[in-house]
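Asker: structure for this input, please:
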Amino acid sequence: VPFLQRQRWFGGKAKPLSGARFVDWVSLRKGAHPSFLTIVEAEYRGGSRERYLLPLAMSSGADAERIDRDFHGAVVARITGARKGLLYDGLFDDGTCLALLTAMHERHALTMRQGRIDGANIGLTSDRAAWEALTPIARPAPDQSNTSILFDRRMIMKVFRRLEAGPNPDLEIGRYLLGRDLARVPPLVGAIEYVRRGEEPAAVAMLQEFVNNEGNGWQVTIDELGRYF
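Answerer: Sure, this is the predicted structure:
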């Protein structure tokens, strides 16, 4: 619960949170430093619930020290006992980010305990070496409700933290604009959805070609207001 409450992407800060639990998960990487894709359900005192996507990764040694130093807010827990290390938000782990990219490229269907993760390759190159070389991986300043990952400043993956069943505007618009020869619109090349029986699919992530720019609409608006006043 404390971890959720200090994340910018957690939308329930204004409501009294009574608890949180893992409701679905799948392993992305095994071994001494595993990673997982998990879904956490936040429950509020009034009885309402929300689901959030939380990739998890584990590191130890110097890598764990680097994560703790550079991304302290991403730390979930310190693991003690036979296997010591750091459990943290998997989007700060390059291997986990590449696993999500692979899920899209290979059109993987990952079976979870309750549902399924479906990767869609909409326009990613079939040249495996080309997309595996999308490094370095960077994390821009955190968004309010989503998390963005940059692959070599050639691809950008937006991860939707709050899972909402039904059509996602970003994916819907991106798919509609495909093939319409719009040079100033970053093309959609991949997507991931969470599918659960009895529910509409929920968007997990989208991948677009990265287009260099001079800022965003929000910053332009703030700058203009600053000049006016």
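
Asker: contacts, neighbours, all on C-alpha from now
Answerer: Will do.

Asker: any idea what residue 117 is bridged to?
Answerer: Residues in a beta bridge with residue 117, per DSSP bridges, are residue 110, residue 194.

Asker: CA-only coordinates of stretch 11-31 in CSV, if you can.
Answerer: Extracted C-alpha coordinates of stretch 11-31, given in CSV (Å, rounded to 0.1, in the frame of the first residue of the first chain):
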residue,chain,number,x,y,z
GLY,A,11,-4.8,7.6,-9.3
GLY,A,12,-6.4,6.8,-5.9
LYS,A,13,-4.4,9.2,-3.6
ALA,A,14,-7.5,11.2,-2.7
LYS,A,15,-9.5,8.1,-1.6
PRO,A,16,-8.9,6.1,1.6
LEU,A,17,-7.1,2.9,0.5
SER,A,18,-8.0,-0.1,2.6
GLY,A,19,-5.7,-2.6,1.0
ALA,A,20,-4.0,-3.9,-2.2
ARG,A,21,-3.4,-7.5,-3.5
PHE,A,22,-2.0,-9.2,-6.5
VAL,A,23,-4.9,-10.6,-8.6
ASP,A,24,-2.9,-11.9,-11.6
TRP,A,25,0.7,-12.4,-12.7
VAL,A,26,3.1,-14.2,-15.1
SER,A,27,6.8,-14.8,-15.1
LEU,A,28,8.8,-12.9,-17.7
ARG,A,29,12.3,-14.0,-16.6
LYS,A,30,13.5,-16.8,-14.4
GLY,A,31,16.8,-17.4,-12.6
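
Asker: list the buried residues in it.
Answerer: Across stretch 11-31, burial judged by 16 or more other Cα atoms under 10 Å covers 11, 17, 20, 24, 25, 26, 28.

Asker: in strands only, show me the residues you listed.
Answerer: Mapping the buried residues of stretch 11-31 onto strands (DSSP state E) picks out 17, 20, 24, 25, 26, 28.

Asker: report the two of the buried residues of stretch 11-31 separated the most.
Answerer: Using Cα to Cα, the buried residues of stretch 11-31 span at most 28.9 Å, a distance reached by 17 and 28.

Asker: what ranges does this structure have for its helices?
Answerer: Taking DSSP state H as the test, the helices found in the chain are 2-5, 61-70, 94-105, 128-132, 169-177, 217-228.

Asker: I'd like those helices laid out as TSV, including mean neighbour count, distance to residue 194 and mean pLDDT.
Answerer: Below are the helices of the chain laid out as TSV (neighbours: other Cα atoms under 10 Å; distance: least, Cα to Cα, whole Å; pLDDT from 0 to 100):
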stretch	mean neighbour count	distance to residue 194	mean pLDDT
helix 2-5	14	21	90
helix 61-70	14	28	93
helix 94-105	20	12	94
helix 128-132	12	23	68
helix 169-177	13	13	93
helix 217-228	10	30	90
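
Asker: TSV please, covering the ones you listed and showing distance to residue 86.
Answerer: Formatted as TSV, those follow (distance: least, Cα to Cα, whole Å):
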stretch	distance to residue 86
helix 2-5	14
helix 61-70	6
helix 94-105	15
helix 128-132	26
helix 169-177	33
helix 217-228	36
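
Asker: which one of those helices lies nearest to residue 138?
Answerer: Residue 138 lies closest to helix 94-105 among those, at 8.8 Å (Cα to Cα).

Asker: contacts for the closest one next, please.
Answerer: 28-29, 35-36, 55, 57, 90-91, 108-109, 118-121, 124-126, 132, 137, 149, 190-192 (Cα atoms under 8 Å, 6 or more residues apart in numbering).

Asker: likewise for stretch 72-87?
Answerer: 3, 6-7, 56-61, 64, 67-68, 88-89, 92.

Asker: what's the local residue count around the nearest residue to residue 159 once chain neighbours are set aside?
Answerer: Spatial nearest neighbour of residue 159, chain neighbours left out: residue 205 (4.3 Å); criterion: Cα to Cα, 6 or more residues apart in numbering. Residue 205 has 25 neighbouring residues, counting by other Cα atoms under 10 Å.
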